[in-house]
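A.B. asks: I'd like to go over a predicted model; first the sequence, then the structure.
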Amino acid sequence: MGDIFKAFPKLTELSLDGRCDFKYFSGISNAGNATYERPDEYIPRQKSITDFLELETIIFGWSFVVDPDMVRYCLRRVPKLKEVSLHWNESLSAPLLHDSIGHLERITILNTAHGGFQDAMAQVAEMLPNACLK
């Protein structure tokens, strides 16, 4: 994320595809550090998705696996984020999306008809009226 931020700090839309782990996405080594928020202590980190202060839309490609910690600790902290598009996977859940990014204007979930995700998609449709299932 650091290289992208350095080149385009005022980006409003970002498409990501390919491999990316939590450390690269969040700028910290593990999710345990993400919950550690003490204003009087500094935790060093690299640039991350949360540094894009103008970012309104994130589109995750089919090969980008969005994990729960990315949703829980990163996406919710992008200040101007309005829309997310992602491919569903078995590690995600409707309650996670509801609690972490349910405030967004639009959440587009792709590949919902594949992989036996029908029950999960029914729960998403019930819990997230701002979700668009494709």
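C.D. replies: Looks like it arrived, so ask away.

A.B. asks: the stretch of helix or strand residue 99 belongs to packs against which elements?
C.D. replies: Residue 99 is part of helix 94-101 when elements are defined by DSSP states H and E. Where contact means 3 or more Cβ pairs under 8 Å, 6 or more residues apart in numbering; DSSP states H and E, helix 94-101 is packed against helix 68-73, helix 118-127. All C-beta spots, glycine's among them, are computed from the backbone N, C-alpha and C.

A.B. asks: now do the buried residues in the last one.
C.D. replies: Read that as helix 118-127. Counting neighbours by 16 or more other Cβ atoms under 10 Å, one finds that the buried residues in helix 118-127 are 120, 121, 123, 124.

A.B. asks: equivalent analysis for stretch 104-113, please.
C.D. replies: Across stretch 104-113, burial judged by 16+ other Cβ under 10 Å covers 104, 107, 108, 109, 110, 112.

A.B. asks: strands of the protein, start to end?
C.D. replies: 13-16, 57-60, 83-87, 106-110, 131-133 (DSSP state E).

A.B. asks: avg pLDDT for stretch 103-113?
C.D. replies: Stretch 103-113 shows a mean pLDDT of 89 in the predicted model.

A.B. asks: pretty sure residue 130 is touching residue 101, no?
C.D. replies: No - the pair residue 130 and residue 101 fails to qualify as a contact (Cβ atoms under 8 Å) at a distance of 9.3 Å.
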